[in-house]
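In: sequence-free structure coming up:
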């Protein structure tokens, strides 16, 4: 079932931007799976498995890789290929707080290595309702990544697309970086409705550090997938490591994405 959500104006909020703004781009069409065979779903609650890396998903660090990675992010399509998506609480502390500063995104990070480089984040964007009230239904954020060696991050590692109004049930691949490990973990399962603006995903192993992990539908190793959620939302992603949540990606998230696209097109 698809949720028909109200627009940003109807729900009474606007994006809370950390810099300037330019033009809009609609997300690219979703990639199609390469096989007609559906992914078999696990019985019961599975456990995430450690894997080496996926180049479109990465760890978010403060300053550089000498510190602790505290969240997870993913590239998402935009005209300049310089956007990542994560949880809002990874970028802004919510009510009574402010934006986090001096962040880097390290795609494909593993075992202390940065195979695709360490990318400085130059601008952050969350919805005002997260910034002012810690609204768990809007725990989604975008970050603009500065070029590295004259190239943008999406041109180096590829991009995932953004899935708006995806419905409550999607088979997704969720990859994240627990703080306790230098390898990401991955699990595949179906999402379910938790509440009007919340999705639920059941899998063991999503410890602190996996906030912002993308929920990828229609995943293909070469072409990426469609981001239909990120670990966040209720209880900032969940108080237990076997159930994770995501804010539902409705028109408000699309509006936030559009603002991020405008900002990403502006000069540094």
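Out: Sure thing, it's come through. Keep in mind it's a predicted model, so treat the numbers as computed, not measured.
In: Can you show me the helices along the stretch 101-250 of the chain?
Out: For the stretch 101-250 of the chain, the helices defined by DSSP state H, counting those that start in this stretch occupy 128-133, 153-157.
In: Include distance to residue 105 and mean neighbour count when you put the ones you listed into TSV, please.
Out: In this view, the C-beta of every residue, glycine as well, is placed from N, C-alpha and C. TSV is the format used below for those (distance: least, CB to CB, whole Å; neighbours: other CB atoms under 10 Å):
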stretch	distance to residue 105	mean neighbour count
helix 128-133	20	20
helix 153-157	7	21
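In: Residue 79: which of these is closest?
Out: With CB to CB, the closest approach to residue 79 among the helices of the stretch 101-250 of the chain belongs to helix 153-157: 9.9 Å.
In: who touches the closest one?
Out: When contacts are defined by CB atoms under 8 Å, 6 or more residues apart in numbering, helix 153-157 is touched by residues 55-56, 75, 77-78, 80-84, 105, 107-108, 116-117, 119, 145, 148.
In: Repeat the analysis, applying 10 Å as the threshold.
Out: 54-58, 74-84, 105, 107-108, 115-117, 119, 121, 144-149, 159-160, 224 (CB atoms under 10 Å, 6 or more residues apart in numbering).
In: May I see the PyMOL selection of the buried members of the residues you listed?
Out: In PyMOL, a selection of the buried entries from the contacts of helix 153-157 looks like this (16 or more other CB atoms under 10 Å):
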select buried, resi 54+56+57+58+74+75+76+77+78+80+81+82+83+84+105+107+108+116+117+119+121+144+145+147+159+160+224
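In: Find the residue ranges of the stretch 101-250 of the chain scoring beneath the pLDDT cut-off.
Out: By pLDDT under 70, the stretch 101-250 of the chain has no low-scoring segment.
In: Tell me which stretches of it form strands.
Out: Applying DSSP state E, counting those that start in this stretch to the stretch 101-250 of the chain gives strands spanning 103-107, 119-127, 141-145, 161-162, 171-176, 185-190, 192-195, 198-202, 214-220, 224-230, 243-247.
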